[in-house]
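Engineer: got a sequence here, can you build the structure:
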Amino acid sequence: MLSDGDLILPDWPAPASVKSLQTTRTGGFSPAPYDSLNLGMHVGDDPLLVSRNRQQLNRYVPSEPVWLNQVHGITVVDAALAGCVPDADAAFARRSGTVCVTMTADCLPVLLCDRQGSVVAAAHAGWRGLCDGVIEATVEAMHAAPDTLMAWLGPAIGPQAFEVGEEVRQEFIAAHSDAISAFTPSGQGKWLGNLYLLARQRLNRLGMTAVYGGGTDRDFCTFTDEARFFSFRRDGASGRMATMIWLA
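Structural biologist: Numbering: from 1, shown residues only. Now for the predicted structure:
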């Protein structure tokens, strides 16, 4: 059964009207390899068990989260107006009680809100979406000045584990030359990429300096912390965690 200890409360100075939470892999009903709080309907788990897992969130959120069909793109939807499971990788909300959510198992979840507590958003920033501009698209959809926004970066594959090929590195550098500092060689033409740094660079370039969470240690690395987090790259078959935000 899901308990408070199975959840992470984002540590950021969001206004009182902004509520958010991060699930881990514990507290649910799914068997291995989806053990146990798998919230993804698309990963091969029993849909009835996923539904039971999702139902456990009811006592923590004011309404059913607006689940997305994430396609590693940059489409952003208004969660209050979205249809059933829209194809999108980010959602924003200005209506109280509307829950934006992104699911991950190595990709970077990004939460956003303004200092006035009038708009919130959640973005799914895998390397492809991050490179193509999902963060920029989300900020644009929020219709708020970037210097009035803050961000929280949730659990993702850490810079000591995210190995990519030269083609991925070149795509980021082609988009913005400062991305070169987010990659270190790992041998045989491979590179270790720092998703947190890449996201911070994108946010800073927009004019956002209030960025919290993430980091370079192993505390939030989905790949290395098998006890707390799902990791698709580590396990192949894997559940999904949820990162949620809403206005009270």
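Engineer: quick check: longest helix of the protein.
Structural biologist: Of all the elements of type helix in the chain, the one with the most residues (DSSP state H) is helix 195-206.
Engineer: report pLDDT for Tyr83.
Structural biologist: Just so we're on the same page, residue 83 is Gly rather than Tyr. Looking at Gly83, its pLDDT is 87.
Engineer: quick one: which helix or strand includes it?
Structural biologist: Secondary structure here is read from DSSP states H and E; on that basis Gly83 sits in neither a helix nor a strand.
Engineer: ok, it to Thr102 distance?
Structural biologist: Counting by C-beta to C-beta, to the nearest Å, the gap between Gly83 and Thr102 amounts to 17 Å. Backbone N, C-alpha and C define where each C-beta goes, glycine included.
Engineer: please apply the same query to Arg200.
Structural biologist: Computed with C-beta to C-beta, the distance linking Arg200 and Thr102 is 18 Å.
Engineer: same thing with Leu130?
Structural biologist: 13 Å.
Engineer: in this protein, which residue sits furthest out from the middle?
Structural biologist: The C-alpha centroid of the chain is most remote from Gln188, which lies 30.0 Å away (C-alpha atoms, centre = their mean).
Engineer: so the residue nearest to the spatial centre of the chain: helix, strand or coil?
Structural biologist: By C-alpha atoms, centre = their mean, the mean C-alpha position of the chain lies nearest to Pro109, the distance being 1.2 Å. Following DSSP: H, G, I helix; E, B strand; the rest coil, we place Pro109 in the strand state.
Engineer: and for Ala121?
Structural biologist: strand.
Engineer: rewinding a little: contacts for the longest helix of the chain?
Structural biologist: Among residues not part of helix 195-206, those counted as contacts by C-beta atoms under 8 Å, 6 or more residues apart in numbering are 107-108, 110, 125, 127, 130-131, 133, 135-136, 139, 146, 151, 153, 156-159, 162, 172, 176, 178-179, 181-182, 211, 214-216.
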